[in-house]
Every structure is written in structure tokens, then in C-alpha cells.
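Asker: need a 3D model of the sequence below.
(one chain, ligands or ions: 1)
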Amino acid sequence: MSGPVVYESSLPWDGERPSTTIITCVDGRWYSHFQEFARQHLNAGTRTDFIAVPGGVEPLTLMDLVPKDFNFLSRRLESLIDAHGTSRIVAIAHQDCAWYKSKSLGPLKIDLRERQIKDLQKAAAHLREVFKGVTVETYFARFSADDTKRVVFEQV
Ligand SMILES: [Zn+2]
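Answerer: Presented below is the predicted three-dimensional model:
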């Protein structure tokens, strides 16, 4: 049984599975930039599978520390990759991430970027180990060095 329709999307349906899964933080200020990066730089098409949790891939680094967080994300990722035949995983972290800031117990000036890049690399190593045929790429999104507040991406 169907309920009353409140909205009809103007977009046509395309049932073909995207080959790329992007894992990022949920921060909506960065979402459009991630999407544009996926289309323009990664050539991942206009649609990608998209997993967003606060802090991005961080749970995948918590196998020993917080296994339930690790399991939550890794189980869903395994299921998705099995079902969709994903061939490429792209993990993106971003500057000024509230999740990393909230977890940061060190001095205020601690370099979260370094920590986030370490986490991206640890998560990528895990993903490459588990998903043998899948390409894994990691990027860090930040503001440009000038004061224009443009968003730029580094491969890390
Ligand atoms: Zn964030």
C-alpha cells in the first residue's frame, strides 16, 4: 500500500551501480566540495555510493580501542561492497573537523591534520587488506593557503 505523495523528484532513475564508494565526514559545509571533487577530479560520475559518519573513516582505526564502532562501520562497508561490486574506495578527511576537535585531549594547538592523515592511512591499510581487488585512495580537504577560503584537496 502506498501513502499520499508529497514530492516527486525531477531526476530520472538510473539503476546502474556506481563503482566508487566515498567515505567522508557528515559535515554539510564540505559535502558539495566532496561531490564536485568526485565528479571533476576522480571522474567517479555524478553518482557515487556515499558513506558519511562524523569523523569519516575514523571508526576503521578503532579495531582494538572501540571494537563496536569499528564493527559498525566495517560490517556495513563489507555488505555494501559485496552487494554493489565496488571497485574503488575513496576516503576523504577535512580540516576543521568537529569530531576530531571534540576527541582531542591534547593541547589546543595539537596538529589534527597529522592525526587525521595517520587515521586515513591506517584505515586504508585495513581496507586494502580486507578488500583485495578494491583500489583505495585517501585525500585531505582543506582551505587554500591564501585567504580566499577555497577548498583544495591533497592526496595523502
Ligand atoms: Zn568533520
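Asker: report how many residues lie close to the residue lying closest to Thr135 once chain neighbours are set aside.
Answerer: Leaving out its chain neighbours, the residue that sits closest to Thr135 by Cβ to Cβ, 6 or more residues apart in numbering is Arg88, at 4.6 Å. For the C-beta atoms, the positions are set from N, CA and C on the backbone; glycine is no exception. Counted with other Cβ atoms under 10 Å, residues neighbouring Arg88 total 17.
Asker: next one: Asn43
Answerer: Neighbours of Asn43 (other Cβ under 10 Å): 8.
Asker: residue contacts, it?
Answerer: By Cβ atoms under 8 Å, 6 or more residues apart in numbering, the contact set of Asn43 is empty.
Asker: tell me the phi and psi of Gln40?
Answerer: phi -80, psi -40 (degrees, to the nearest 10).
Asker: OK, contacts around it?
Answerer: So Gln40 contacts nothing (Cβ under 8 Å, 6+ apart).
Asker: do you know how far it is from the ion?
Answerer: Distance from Gln40 to the ion, counting by Cβ to the ion, to the nearest Å: 21 Å.
Asker: pLDDT score assigned to that residue?
Answerer: Listed pLDDT for Gln40 reads 96.
Asker: against Phe153, how distant is it?
Answerer: For Gln40, the distance to Phe153 (Cβ to Cβ, to the nearest Å) stands at 10 Å.
Asker: same check, this time on Ile22
Answerer: The value you get for Ile22 to Phe153, if Cβ to Cβ is used, is 12 Å.
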